[in-house]
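Enquirer: here are the coordinates; sequence isn't available:
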Ligand SMILES: *Cc1c(COP(=O)(O)O)cnc(C)c1O
């Protein structure tokens, strides 16, 4: 699905030197590279403040802590995402209100938000799934109508542009009150271990976020908040500084691979290629096709037999996961997500795919459909 080794070889001298410099400095925690990376990422994102942290799951939790959300509060989000998004809501004693997604974009359906909101709802967490933005303008309007905070889970869309109806653009993750991201190795901007970050334009919130990631401490050994220990370590920051410079080229490589897939697959009647949103660019964290449920697993097996990896993101929507059964959802409650979980298939997508690999993969998919 990814080829991180070939990607590393292309930047090896620079990465190796960056790592060696950190080891020589022995400033493994809160070293210079962390602050440099925060500044460089803030500039790339057009976010006033970027606060690095330990991983993308912590980033979501810290974002919720920073906004003063309390046990019993409700948070609206999607069931068609990675588990982190609802895990942290539950960990903080809050209740996820799950809203179904749009079949085409895989993102929260703005038309359904009104049907779940109550007096106790405090926030909404749109996830920009697979590299494309949720409908942020609608989310922001809905949030301001109901006095909700907006936390953008931007783990899969770092660098995606949201296109507003007035023609202006902003990077995904910098539109709501707080944006979060992940540097998990397979993400578009991946570290060589865990990492994450938070984005905000709000000065006071930024101060609080900086304290929260570091035990709630502003001045050493004086604690203003109950915080967590979630820092980006200096080695990861040094590696990420090198990789951030490559990010536009990485996005381009993924977009070119996506175009190849589009052209090779769009005429197959049984395959729905990923829809492009009119209000977002796409950085293709995943290239996810939809096929009829009864052929999805046979197609996956057919590809596996040819040593072509593929993945199902996500096989069980979160409202039907055992750990979350106390939320009281049942099969049929969120039908679009449930149907998608039987029809989606993500194809290999990374920065090192060449035309030969792409034509082999697409050739085998065409062969499966006897074209
Ligand atoms: C990867 C991911 C996360 C979690 O990030 P980690 O760094 O692995 O904790 C959260 N949300 C989404 C949508 C993700 O894809």
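Expert: Sure thing, it's come through. From a predicted model like this one, the values you see are computed outputs, not experimental measurements.
Enquirer: and residue 65, that's in a strand?
Expert: No. Assigned with DSSP: H, G, I helix; E, B strand; the rest coil, residue 65 falls outside any strand and is helix.
Enquirer: quick check: closest non-adjacent residue to it.
Expert: What sits nearest to residue 65 in space, not counting adjacent residues and going by Cβ to Cβ, 6 or more residues apart in numbering, is residue 212, at 5.7 Å. Bear in mind the C-beta positions are built from the backbone N, C-alpha and C, glycine included.
Enquirer: do you know how far the one you found is from the ligand?
Expert: 16 Å (Cβ to the nearest ligand atom, to the nearest Å).
Enquirer: does the helix or strand harbouring residue 197 come close to the ligand?
Expert: Using DSSP states H and E, residue 197 falls within strand 196-200. Yes. Under the criterion of Cβ under 6 Å from any ligand atom, strand 196-200 makes contact with the ligand via residue 196.
Enquirer: what's near enough to touch the residue nearest to residue 65?
Expert: Going by Cβ atoms under 8 Å, 6 or more residues apart in numbering, residue 212 touches 62, 65, 66, 225, 227, 228.
Enquirer: thinking again about what came up before, flag every buried residue along the next helix or strand after the strand holding residue 197.
Expert: Next in sequence after strand 196-200, counting helices and strands by DSSP H and E, comes helix 203-212. Under the neighbour-count criterion of 16 or more other Cβ atoms under 10 Å, helix 203-212 has 205, 206, 208, 209, 210, 211, 212 buried.
Enquirer: and stretch 81-98, by the same measure?
Expert: Counting neighbours by 16+ other Cβ under 10 Å, one finds that the buried residues in stretch 81-98 are 81-82, 84-89, 92, 94-98.
Enquirer: what sits against residue 277?
Expert: Counted by Cβ under 8 Å, 6+ apart, residue 277 has contacts 105, 107, 132, 133, 135.
Enquirer: for those, name the two members farthest from one another.
Expert: Within the contacts of residue 277, two members stand farthest from each other by Cβ to Cβ: 132 and 135, at 10.4 Å.
Enquirer: residues shared between the contacts of those two?
Expert: 105, 107, 277.
Enquirer: also near the ligand: which of the buried residues of stretch 81-98, exactly?
Expert: When these are checked against the ligand using Cβ under 6 Å from any ligand atom, the ones in range are 81, 82, 84, 85.
Enquirer: which one of the residues you listed is nearest residue 4?
Expert: Out of those, the member with the shortest distance to residue 4 (by Cβ to Cβ) is residue 82, at 18.8 Å.
Enquirer: the closest one in helix, strand or coil?
Expert: Applying three-state DSSP: residue 82 is coil.
Enquirer: pick out the residue of the stretch 51-200 of the chain closest to the ligand.
Expert: Closest residue of the stretch 51-200 of the chain to the ligand, Cβ to the nearest ligand atom: residue 56 (2.5 Å).
Enquirer: ok, that residue - how many residues close by?
Expert: Using other Cβ atoms under 10 Å, the number of residues around residue 56 comes to 26.
Enquirer: OK, contacts around it?
Expert: 84, 153, 155, 180, 181, 182, 183, 184, 187, 196.
Enquirer: just put those residues in TSV and tack on pLDDT.
Expert: Shown next, in TSV, are these (pLDDT from 0 to 100):
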residue	pLDDT
84	96
153	98
155	98
180	98
181	98
182	98
183	98
184	98
187	98
196	98
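Enquirer: from the residues you listed, which land in strands?
Expert: The strands, defined by DSSP state E, take in 153, 180, 181, 182, 196 from those.
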